Structures are given as structure tokens and as C-alpha cells.
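Dropping a prediction and its sequence here:
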Amino acid sequence: MRSLLRAATAGAVTVTAVLACGTAHATPPGPGVSGRVLFRTTVGDTDYILREVTIPAGQATGWHYHDGPLRGYVKQGTLSHFDSTCASDGVYTQGGTISEPAGSDYVHIGRNLGSTPLVLDVLYVLPQGSPFSEDAPNPGCDFE
């Protein structure tokens, strides 16, 4: 993670984003989903934030997208990731990494379908002052 943070601070990390579709209301994260900031710095007009995110068994992040790219590292558990077509676009186990692009064209949800907590270290590369994520409506999937 230190190498990743150094690369991001140097402006070398780029990541992708998500598209919001549908007319339903935004979906909040499930009960017990939490995050804590481990490190934060601003270079120019970009915030670099390292955050630990915990998703309890059976819970999800809610549908969302990010204003900037991010990279994640699975410290514990398994992340099941779904895009706005309701299809799985990846399953990430302990030690795995994920990249997400920025923007409302990449609406997605992260789910913990396992029986133990999922813990992620996430590096956000955001326009200064942006939130960690933007809520999006469920795009029509039969799960939240």
C-alpha cells in the first residue's frame, strides 16, 4: 500500500468510474458498513485518501459511483463486485486488488456474500473536497 500511495501522490495512479441509470431512489450502504481514514493529503486540487472500509457478512455498499478513480486491496474476506448491468464484474479474495474508474458512467455495488467481515484498504484519488462516493439508484437489479 505504501508504494501505491506514493505512486498516487506522484499522480501516477489512474482508475475508472461508474454510470448511474434508472429512476429508483439511491441505495444506502447496509447496516454496519463503515470506513475510517488512515491517511489524507491534498496535492494541487486532488485529494489522496487511504481508507479502511469494513462490510459485514451479508451486507453491501449500496449502488454508487466515485468522482475520481480508486484502487482497493482486500485485507480480509471476499468482495463480490457488480456493475449496472447487474452482472458480476469481479470477485476479489484476500490479497487481491481492484481498480474502479471515476464518473457516473460506472455505477456499481460491492457485496459481501461471505460469512465473515470484508475489510478493504482503499486509495481514493478525488477532486479536492469530493465525497468518497455518490449514491446512485438501483439500475434494476433484483439485489441491493
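Here it is on my side, so go on. Just so it is clear, the model here is predicted, and its values are computed rather than measured.

mind showing which ranges of this protein have poor pLDDT?
Within the chain, the ranges that satisfy pLDDT under 70 run 1-26.

which stretches of it form strands?
Remark: strands assigned in the chain by DSSP state E are 34-43, 46-55, 64-65, 70-76, 78-83, 88-93, 97-100, 108-111, 118-127, 134-135.

so which of those strands is the most packed in?
Comparing these by mean neighbour count (mean count of other C-beta atoms under 10 Å), strand 108-111 ranks first with a mean of 24. Quick note: C-beta positions are derived from backbone N, CA and C, even for glycine.

From Gly140, how far off is Phe39?
Separation of Phe39 from Gly140 (C-beta to C-beta, to the nearest Å): 37 Å.

With Ser133 instead?
Distance from Ser133 to Gly140, by C-beta to C-beta: 20 Å.

Phe132 too?
Taken as C-beta to C-beta, the span from Phe132 to Gly140 is 25 Å.

cool, and Ile49?
Per C-beta to C-beta, Ile49 is found 31 Å from Gly140.

and what of Leu113?
Distance, Leu113 to Gly140, using C-beta to C-beta: 20 Å.

Have a look at those two and say which one is more surrounded.
Neighbour totals were compared for Leu113 and Gly140, and Leu113 leads with 15 against 12 (other C-beta atoms under 10 Å).

residues contacting that one?
Shown in contact with Leu113 (C-beta atoms under 8 Å, 6 or more residues apart in numbering): 58, 78, 80.

could you dump the strands of the chain to TSV with distance to Thr27?
Listed next are those as TSV, based on distance: least, C-beta to C-beta, whole Å:
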stretch	distance to Thr27
strand 34-43	17
strand 46-55	14
strand 64-65	8
strand 70-76	19
strand 78-83	12
strand 88-93	17
strand 97-100	17
strand 108-111	8
strand 118-127	18
strand 134-135	7
